[in-house]
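Peer 1: here you go, sequence then predicted model.
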Amino acid sequence: MNLARLAAVDPARAARLLSEVRDATLSGKRARIAPRPVIEQSWGRMLRSGVDPDHDCRTGLLSADEVRRRREESPLRHVLPVLRAGLLSVADVAQHIMVVADADGRVLWREGSPQVLRKADGVGLELGADWREDVVGTNGVGTPAVVRRPVQVFAAEHFVRSHASWTCTGAPITDPRDGRLIGVVDVSGPLRTMHPATLSWVDSVAKLAEARLRELHLDSLERLRAVGAPVLAGLGCRALVVDRHGWAAAVTGMPYLRRLALPKSLSPGRRWLPPLGHCSVEPLAGGWLLRVAEETPPGTASRIRLDLGRPARASVTVCGAAGPWSRELSPRHAELLYLLAEHRDGRGAAALAEDLFGDPSRTVTVRAEMSRVRRYLGDLLQHRPYRFREDVEVDVLLPGDLRDLLPRSVAPAVTARRRTAG
């Protein structure tokens with residue numbers, strides 16, 4: 001049954017049917033139709049984390065000053081004009097509101113129909129509210145942040161019963177510089193306002209916002225290049241100018257490097273940076289000047305920590321004599337490093353393609369992704385086959401329940417591991 005089509009034609013009937021599906025599923029019975037996979041998986045996470053489907057749980061609102069501070073620091077402020085132009089005019093006519101939340105699920109902006117805004121207050125969808133999935137259940141803000149893709153939550157697909165009179169459609173917005181989640185844009189409204197095209201509409205506007213962030217990043221690199229290129233021209237050593245996120249604006253004396261993995265808190269002085277080794281780090285307006293030491297051998301890392309314990313924020317931390325550094329991982333890189341940690345003897349490109357896609361012929365994709373991983377892990381990863389270096393200790397932090405392992409992943413090897421924990 002196409003529930004989206006039914007909801008557009010007869011929302012009341014679709015809501016009743018979904019309520020039956022929800023009640024049956026949460027009581028462990030067999031429903032007449034199965035919930036959509038993205039919803040069923042979210043319900044499973046809610047049951048395992050102890051969210052009460054019959055209790056509207058709310059945390060304290062952020063103060064007005066804290067909301068203001070987060071707005072000023074959030075990259076989302078740069079794309080508000082894009083979001084407003086793409087969503088508000090239609091949302092207001094269709095009796096929806098636009099909600100913009102940060103990566104922590106906190107509502108920073110709410111705009112749209114005044115009548116719907118008042119109704120939103122009644123379910124706690126207020127400025128400063130916490131709408132993470134593990135706080136308020138399956139919803140159009142928290143669930144897209146976990147699965148990192150657009151999600152429409154209609155009627156009783158919401159885990160908490162008091163939200164069942166709403167339809168919510170949200171899409172994540174990621175930072176094009178590093179793939180990090182920076183927030184979610186959501187369009188919400190009363191049940192009768194549901195339309196199946198809303199999902200594509202919200203997703204398209206979120207992609208426009210990401211494209212705008214990409215333009216702003218390129219503009220900032222151009223400004224940094226104008227400052228850094230004259231500095232590099234006077235140096236007689238290998239050096240490069242990078243922005244605060246490690247993106248190269250100018251390079252001299254060495255092959256072009258698109259991006260460098262920088263520690264979270266880089267400071268001036270002598271530092272070990274993969275894959276360059278020891279470098280002299282000097283501040284530059286909007287970035288850093290890095291001079292590569294010619295004689296000093298690179299530091300030796302002794303431990304890699306792969307943190308998969310947080311569903312939406314996998315990361316890798318490298319600890320060694322030169323000090324620790326960390327990097328948030330894209331979903332694909334988290335999958336690859338998890339598979340290599342599971343197979344310390346190594347995996348060839350065909351085997352990894354089978355693990356990721358169920359198709360051993362997709363080796364080109366695997367090699368391209370592994371090339372990107374090696375840009376920040378350097379010689380800690382070896383190839384033929386791909387593997388962690390033998391003298392490196394690898395620790396993997398897994399979620400408390402393995403059914404929450406890399407929830408966005410559809411890789412056969414990862415889904416098989418989740419099934420074994422069921």
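Peer 2: Cool, got the structure. Numbering: from 1, shown residues only.
Peer 1: what about residue 419, which SS state?
Peer 2: Classification of residue 419 into helix, strand or coil gives helix, according to DSSP: H, G, I helix; E, B strand; the rest coil.
Peer 1: do the same with residue 319
Peer 2: Of the three states, residue 319 takes strand under three-state DSSP.
Peer 1: next: residue 267.
Peer 2: Classification of residue 267 into helix, strand or coil gives coil, according to three-state DSSP.
Peer 1: before we move on, what about the one 4 residues further on?
Peer 2: Reducing the assignment to helix, strand or coil with three-state DSSP, the entry for residue 271 is strand.
Peer 1: with residue 379 instead?
Peer 2: Following three-state DSSP, we place residue 379 in the helix state.
Peer 1: number of nearby residues for the residue lying closest to it once chain neighbours are set aside?
Peer 2: Counting by Cβ to Cβ, 6 or more residues apart in numbering, residue 379 lies nearest to residue 389, which is 6.6 Å off, once chain neighbours are set aside. Yep, even glycine has a C-beta here, placed from its N, CA and C like the rest. If you count neighbours by other Cβ atoms under 10 Å, residue 389 ends up with 15.
Peer 1: so what's residue 389 up against?
Peer 2: Residue 389 makes contacts with 379, 380, 381, 382, as judged by Cβ atoms under 8 Å, 6 or more residues apart in numbering.
Peer 1: let me know the pLDDT of it.
Peer 2: Model confidence at residue 389, given as pLDDT, is 88.
Peer 1: any idea how far it is from residue 340?
Peer 2: Distance, residue 389 to residue 340, using Cβ to Cβ, to the nearest Å: 11 Å.
Peer 1: one more: residue 404?
Peer 2: Applying Cβ to Cβ, the value for residue 404 to residue 340 is 21 Å.
Peer 1: now do the longest helix belonging to the chain: distance to the chain's middle.
Peer 2: When secondary structure is assigned using DSSP state H, the longest helix within the chain turns out to be helix 198-233. With Cα atoms, centre = their mean, to the nearest Å as the basis, the distance from the averaged C-alpha position of helix 198-233 to the chain average is 18 Å.
Peer 1: also stretch 258-265?
Peer 2: Relative to the chain's own centre, stretch 258-265 is displaced by 18 Å; criterion: Cα atoms, centre = their mean.
Peer 1: which parts of that stretch are buried?
Peer 2: Burial within stretch 258-265, assessed by neighbour count using 16 or more other Cβ atoms under 10 Å, is assigned to 259, 260, 261, 262, 263.
Peer 1: residue 373 is in contact with the third one, correct?
Peer 2: No. When contacts are counted by Cβ atoms under 8 Å, residue 261 is not listed as touching residue 373 (10.3 Å).
Peer 1: got the contact list for the closest residue to residue 225 other than its chain neighbours?
Peer 2: Excluding its sequence neighbours, the residue lying closest to residue 225 (Cβ to Cβ, 6+ apart) is residue 249, at 4.2 Å. The contact partners of residue 249, taken as Cβ under 8 Å, 6+ apart, are 221, 222, 224, 225, 228, 229, 241, 242, 243, 287.
Peer 1: check contacts around the last one.
Peer 2: Going back to what we said before, that points to residue 287. If a contact means Cβ under 8 Å, 6+ apart, then residue 287 has 224, 228, 241, 242, 243, 244, 249 as its contacts.
Peer 1: rewinding a little: quick one: the residue nearest to residue 225 is in a helix?
Peer 2: No. Checked against three-state DSSP, residue 249 lies outside a helix; its state is strand.
Peer 1: about what we covered before: shared neighbours, residue 389 and residue 340?
Peer 2: residue 381.
Peer 1: just to revisit the earlier point, measure the residue nearest to residue 225 to residue 259 for me?
Peer 2: The separation that residue 249 has from residue 259, given Cβ to Cβ, amounts to 11 Å.
Peer 1: pull up the overlap in contacts between those two.
Peer 2: Each of residue 242 lies in contact with both residue 249 and residue 259 under the rule Cβ under 8 Å, 6+ apart.
Peer 1: quick revisit: just the buried residues of the contacts of residue 287.
Peer 2: Going by neighbour count (16+ other Cβ under 10 Å), the contacts of residue 287 have 224, 228, 241, 242, 243, 249 buried.
Peer 1: so can I have a markdown table of the residues you listed showing pLDDT?
Peer 2: Formatted as a markdown table, these follow (pLDDT from 0 to 100):
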| residue | pLDDT |
| --- | --- |
| 224 | 93 |
| 228 | 89 |
| 241 | 94 |
| 242 | 94 |
| 243 | 94 |
| 249 | 94 |
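Peer 1: specify the local secondary structure of the closest residue to residue 177 other than its chain neighbours.
Peer 2: Sequence neighbours aside, residue 245 is the residue nearest to residue 177 in space, at 4.8 Å (criterion: Cβ to Cβ, 6+ apart). At residue 245 the chain is in coil, as set by three-state DSSP.
Peer 1: now residue 261
Peer 2: Counting by three-state DSSP, the backbone at residue 261 sits in coil.
Peer 1: what backbone torsions are found at it?
Peer 2: Note on residue 261: its backbone torsions stand at phi -80, psi 120 [degrees, to the nearest 10].
Peer 1: before we move on, back to that, among the contacts of residue 389, name the buried ones.
Peer 2: Taking 16+ other Cβ under 10 Å as the criterion, what is buried in the contacts of residue 389 is 380, 381.
Peer 1: between the contacts of residue 389, which sits nearest residue 348?
Peer 2: The shortest distance between residue 348 and any of the contacts of residue 389, using Cβ to Cβ, involves residue 382 and amounts to 12.3 Å.
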